[in-house]
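J.: compute the structure for the input listed below.
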Amino acid sequence: MSVSAGTKINQLLANTSPSGLMFSEWMKRKGYSSQLQKRYRDTGWLTTLCKGVMFRSGTRLNAFDALASYNLQMGRQLRIGAVSALEYSGFNHYVPMGKPLLMVALPAGEKMPMWMKSDVYDMTFRTFSSTAIAEVEVTRHDTENGTLYVSSPELAFLECLALAPKQYSYLDLYYIMEQLTTLRSEVVQRLLENTSNHRVKRMFLYMAEKAGHYWFEELDTSKIDMGTGKLQLVKDGILNKKYSITVPKELNDYEG
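T.: Predicted coordinates:
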């Protein structure tokens, strides 16, 4: 390898995270041609993950760093959502068995990127999208690897409800709701007014009221369209007359 080529690989390694990714398009924009990228792979500096995506050979990939590097290099704003966002913000309920999941929200109709499908990360990527929540509330976390976008706790819990009961059980989500003592009522109000899924809105309000949070009293539910008629959220559930939803018996009977 020539001196100039050696200098360029040193620059590349110095300006990227050992546990993140390198995207071919971004490398070309930075002056690393396809031929030079191939030379780095052939000489063992870089390893191909999938088409157009590489990482530093011999390193263990971190899911957060991979997502941050993708957002930075490819100009994206994919965000951590649902339970993963709540965990990132410090709200924990239980430690899952096996490798943890990292839930990532994708724009509607967009497929999971190929690089997310690999099992080489410390977490397993799982993607979702929801058109029911028209407005989002996201926090930004700048890291040395790029930017992580994370659903706010208010949005994250709505995302969880949109994925329930297939992805999460309602009782497990209620255990988390009990911890959400500091949600911002103005953010909750705005998100609920801009959510079209009546099931999600009714269950959110049911859980918030059951938990007795102070911010629930600050909501103006008259401005939240909850639709009409009964909604069966689960089979063999108990009807909550106020919100006209059937809830799991164990949730109805639970007293924290």
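J.: alpha carbons of stretch 194-212, as CSV, please.
T.: What follows is stretch 194-212, C-alpha atoms only, in CSV (Å, rounded to 0.1, in the frame of the first residue of the first chain):
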residue,chain,number,x,y,z
ASN,A,194,-53.2,14.1,16.1
THR,A,195,-53.6,10.3,16.4
SER,A,196,-56.2,8.7,14.3
ASN,A,197,-56.3,5.3,16.0
HIS,A,198,-59.2,5.3,18.4
ARG,A,199,-58.1,2.1,20.1
VAL,A,200,-54.7,3.6,20.9
LYS,A,201,-56.2,6.8,22.3
ARG,A,202,-58.8,5.1,24.4
MET,A,203,-56.3,2.7,25.9
PHE,A,204,-53.8,5.4,26.6
LEU,A,205,-56.4,7.5,28.5
TYR,A,206,-57.7,4.4,30.3
MET,A,207,-54.2,3.5,31.5
ALA,A,208,-53.2,7.1,32.4
GLU,A,209,-56.4,7.5,34.5
LYS,A,210,-56.0,4.1,36.2
ALA,A,211,-52.4,5.0,37.1
GLY,A,212,-53.6,8.2,38.7
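J.: so what's residue 80 up against?
T.: Going by C-beta atoms under 8 Å, 6 or more residues apart in numbering, residue 80 touches 67, 88, 102-105, 148-151. The C-beta positions use only the backbone N, C-alpha and C, and glycine is treated the same way.
J.: who touches the longest helix belonging to the chain?
T.: The residue-count maximum for a helix in the chain (DSSP state H) belongs to helix 198-211. For helix 198-211, contacts defined as C-beta under 8 Å, 6+ apart pick out 132-133, 157-158, 161-162, 164, 170, 173-174, 177-178, 180, 188, 192, 195, 215-216, 219, 221, 224-227, 231, 233, 240, 242-245, 247, 256.
J.: averaged pLDDT, it. What do you get?
T.: For helix 198-211, the mean pLDDT works out to 97.
J.: narrow the contacts of helix 198-211 to those in helices?
T.: Checking the contacts of helix 198-211 against DSSP H, those in helices are 157-158, 161-162, 170, 173-174, 177, 188, 192.
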